[in-house]
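Novice: here's my sequence, what's the structure:
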Amino acid sequence: MSLINDTARRKKTTVAKITSKDELDKIKAYIQGAVYCWCKNNDGWFFAGDLFGGKNWDWTGTPIASLWAWHNKRRPKDAVDMAGKDAGVILKEVLKSDARIFTTEKAKRRGFPMSRYKWIK
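Specialist: All right, here's what the predicted structure looks like:
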């Protein structure tokens, strides 16, 4: 377990090409809002999929829909999975820049190792 703003780790980047700072800022604001809602209504660990996956994967009308649209033009079969990974990368950036402190660790979800996060203060 480590603090989310531990800078010793390798920085991942999104695969989808976000063409404007305005678009990226909207995506980050949307993700931060989802994190705030999660922390207000839940106590404990969360994965990116808790915020944007499963029954919440239909992103129509949201800023993160552009991630799916970018991937859908290139590889429709993998668009949801790849967009979800990109949302996870941006989630980590959002948590690093948040005024609150989050911790992270690797955990298995559906048999795959993924990062999970927890608000600690």
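Novice: can we go C-alpha only for contacts and neighbour counts from here?
Specialist: Noted.
Novice: what's the helix or strand for Lys108?
Specialist: strand 102-109 (DSSP states H and E).
Novice: just the buried residues of that strand, please?
Specialist: By 16 or more other CA atoms under 10 Å, the buried positions in strand 102-109 come out as 102-104.
Novice: distance from that strand to the middle of the chain?
Specialist: 13 Å (CA atoms, centre = their mean, to the nearest Å).
Novice: and the next helix or strand past it?
Specialist: Counting by DSSP H and E, what follows strand 102-109 is strand 112-119.
Novice: tell me what angle that following strand forms with strand 102-109.
Specialist: 150 degrees (axes from the mean of the first three to the mean of the last three CA atoms, to 10 degrees).
Novice: and strand 112-119, how far out from the chain middle?
Specialist: Relative to its parent chain, strand 112-119 has a centroid offset of 10 Å by CA atoms, centre = their mean.
Novice: which other helices and strands contact it?
Specialist: If you count contacts as 3 or more CA pairs under 8 Å, 6 or more residues apart in numbering; DSSP states H and E, strand 112-119 packs onto strand 102-109.
Novice: give me the helices and strands touching the strand it packs on, please.
Specialist: Using 3+ CA pairs under 8 Å, 6+ apart, strand 102-109 sits against strand 2-3, strand 112-119.
Novice: how far does the helix or strand harbouring Tyr36 sit from its chain's centre?
Specialist: Using DSSP H and E, Tyr36 maps to helix 21-41. Averaging C-alpha positions (CA atoms, centre = their mean) puts helix 21-41 9 Å from its chain's average.
Novice: now do the buried residues in it.
Specialist: Neighbour count says helix 21-41 has 24, 27-28, 30-32, 34-35, 38 buried, by 16+ other CA under 10 Å.
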